[in-house]
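Trainee: Build me a model from this:
(one chain, ligands or ions: 1)
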Amino acid sequence: MYLTPFQERMLKGEFGWVYAKALEIIVKVGEALGSDRLVEITHAHVSGVSYSNIGEPGLEFLRDFYRERPRFRVYTTINPGCVDYGMLSQVIDNKYFSKQALIDEALVGMGGKPVFTCIPYYHRPPMPGEHLAWGESSAVIFANSYFGARTNREGGPLALASALTGFTYLHGLHSLENRVARVLVELSPLIDNKPLSLAGLWIGENIRDIPVVKIREKPLHEIKALLAAMAASGSHALAVLDGITPRETYKTEIEETITLEPSDVEKYVGELPGLGGTVLGYIGCPHTHPEELVALKRLLEKYREPRRGKLLVTMPPELASTYSPLMKFLLSRKVDIALGTCPVVSVLKKKYDYMLTNSGKAYFYMRKIHGLKAGIAGLKEIVESIYA
Ligand SMILES: C[C@@](O)(CCOP(=O)(O)O)CC(=O)O
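Mentor: Coordinates of the predicted model:
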């Protein structure tokens, strides 16, 4: 791999072993993938930071780096941890609070912005063509597809290495020639009226190539859910959204057209348990955006409190402080709010029989991680199932 004189000096350890190690990781992975040079990035998003996911080995890895007191060379945001930083949730278990605090101290001490969210674009939306090194599959696919930015699906250690060095290897979605969509996915009108998570799960499971997905005008939270579901059930990192993905950030060479019908996605809908069963309604995977919370508020206005189970909502901590009147309203309706975390990266206080969610990603992971039965529904249906 070609390295600039500055990169050579970094690799030789002139700025300390942490930077040398970080660059070595990037160079080795890049070389294995056939990359011949590095590119400068503007924003790293570090995932692999939840104690309940990475445990002691991950904590030690981060603390070893932090001991040398390095600083990130580029703007860096941090994925959710395994605790509710608002300390109000009765669903999320904060038992690893002190362990998570050690991880957070290291990341923030190196210069990471403590956003603790999987929607880092809420804090800094990238520009079309911008090179990033992001972990967190739902954020990666959103950056590429919605903003036209350029990032591969990085693992936590690699995103950390890019945060430290400011570089990533030139490969994959960083080059226009690899951003070619070959399958056109159309949604039949009946599918188009259902939560887009359903289509996302199916596309992830059944399509390998980069797709063009034709959707009608949709709220942002539906687009976020579609992309996150594709990235969870498949390995997608880019989908061209007709009319949304910035032109010049992709090419199309369509070889096949598929139309999705309701029967294709029936299996993700599920069925609520009988009246005795405990139900967890869940909204916020990826984290909720203000627009989704406003939609939720409208739906909750006519109810006082849940009649069956709990409604959990997860979001970035900063959003909760910016929209505090909205939080007050949600709390008045006994919504369980968890900040800076989500059930995919944390421990739950108790077991529920069933989870009803608008998130295909949560559906995909929660059944595996927490052994929950789950089904997908729209916001209105979720609210009605819990409150009506
Ligand atoms: C499932 C996932 O969202 C978990 C993120 O956890 P962590 O920050 O990688 O520990 C990872 C991903 O989708 O990239």
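Trainee: which residues does the most centrally placed residue in the chain contact?
Mentor: Using CA atoms, centre = their mean, the residue of the chain that lies closest to the mean C-alpha position is Ser138, 3.4 Å off. Applying CB atoms under 8 Å, 6 or more residues apart in numbering to Ser138 gives the contacts 118, 224, 227-228, 231-232, 285-286, 361. Heads up, the C-betas are built off the backbone N, CA and C, glycines and all.
Trainee: what's the spacing between it and Leu187?
Mentor: Ser138 sits at a distance of 20 Å from Leu187 (criterion: CB to CB, to the nearest Å).
Trainee: how about the residue in the stretch 251-388 of the chain positioned nearest to the ligand, phi and psi?
Mentor: Residue nearest to the ligand within the stretch 251-388 of the chain: Val345 (4.6 Å; CB to the nearest ligand atom). Torsion angles at Val345 (phi, psi; degrees, to the nearest 10) stand at phi -120, psi 20.
Trainee: Tell me where the stretch 251-388 of the chain has helices.
Mentor: 262-265, 290-300, 317-322, 324-332, 360-369, 379-387 (DSSP state H, counting those that start in this stretch).
Trainee: Glu205 - how many residues pack around it?
Mentor: Number of residues near Glu205 (other CB atoms under 10 Å) recorded here: 15.
Trainee: How many neighbouring residues does the nearest residue in space to Gly166 that is not next to it in sequence have?
Mentor: Distances taken as CB to CB, 6 or more residues apart in numbering put Arg73 closest to Gly166, at 3.8 Å, once the chain neighbours are dropped. Applying other CB under 10 Å, we find 20 residues neighbouring Arg73.
Trainee: could you say which helix or strand contains Arg73?
Mentor: Per DSSP states H and E: Arg73 is located in neither a helix nor a strand.
Trainee: Same question for Ala133.
Mentor: strand 132-135.
Trainee: Quick check: residues of the stretch 101-250 of the chain near the ligand?
Mentor: 136-138, 156 (CB under 6 Å from any ligand atom).
Trainee: Those residues in helices, which ones?
Mentor: 137-138, 156 (DSSP state H).
Trainee: what's the single longest strand in this protein?
Mentor: Counting residues, the longest strand found in the chain (DSSP state E) is strand 251-260.
Trainee: Could you name the helices and strands sitting against it?
Mentor: strand 180-187, helix 196-206 (3 or more CB pairs under 8 Å, 6 or more residues apart in numbering; DSSP states H and E).
Trainee: where does the stretch 251-388 of the chain come near the ligand, residue by residue?
Mentor: 344-345, 365.
Trainee: rewinding a little: of the residues of the stretch 101-250 of the chain next to the ligand, which is the most crowded?
Mentor: Glu136 leads these on contacts (other CB under 10 Å) with 28 neighbours.
Trainee: residues contacting that one?
Mentor: Contacts of Glu136 by CB under 8 Å, 6+ apart are 45, 47, 79, 118, 120.
Trainee: Show me where the stretch 101-250 of the chain has its strands.
Mentor: 132-135, 153-154, 167-169, 180-187, 210-214, 240-241 (DSSP state E, counting those that start in this stretch).
Trainee: Of these, flag the one that's most buried.
Mentor: Among the strands of the stretch 101-250 of the chain, strand 132-135 has the highest mean neighbour count (mean count of other CB atoms under 10 Å), at a mean of 30.
Trainee: In terms of secondary structure, what does it contact?
Mentor: Against strand 132-135 (3+ CB pairs under 8 Å, 6+ apart) you get strand 43-46, helix 137-145, strand 153-154, helix 156-165.
Trainee: most neighbours per residue, which of these?
Mentor: Buried most deeply of those, by mean count of other CB under 10 Å, is strand 43-46, with a mean of 29.
Trainee: so the very next helix or strand once past that one versus helix 156-165, what angle?
Mentor: Toward the C-terminal end, the helix or strand that comes next after strand 43-46 (DSSP H and E) is helix 51-67. Put simply, helix 51-67 runs at 30 degrees to helix 156-165, going by axes from the mean of the first three to the mean of the last three CA atoms, to 10 degrees.
Trainee: how about helix 51-67: buried residues?
Mentor: 51-54, 58-59, 61-62, 65-66 (16 or more other CB atoms under 10 Å).
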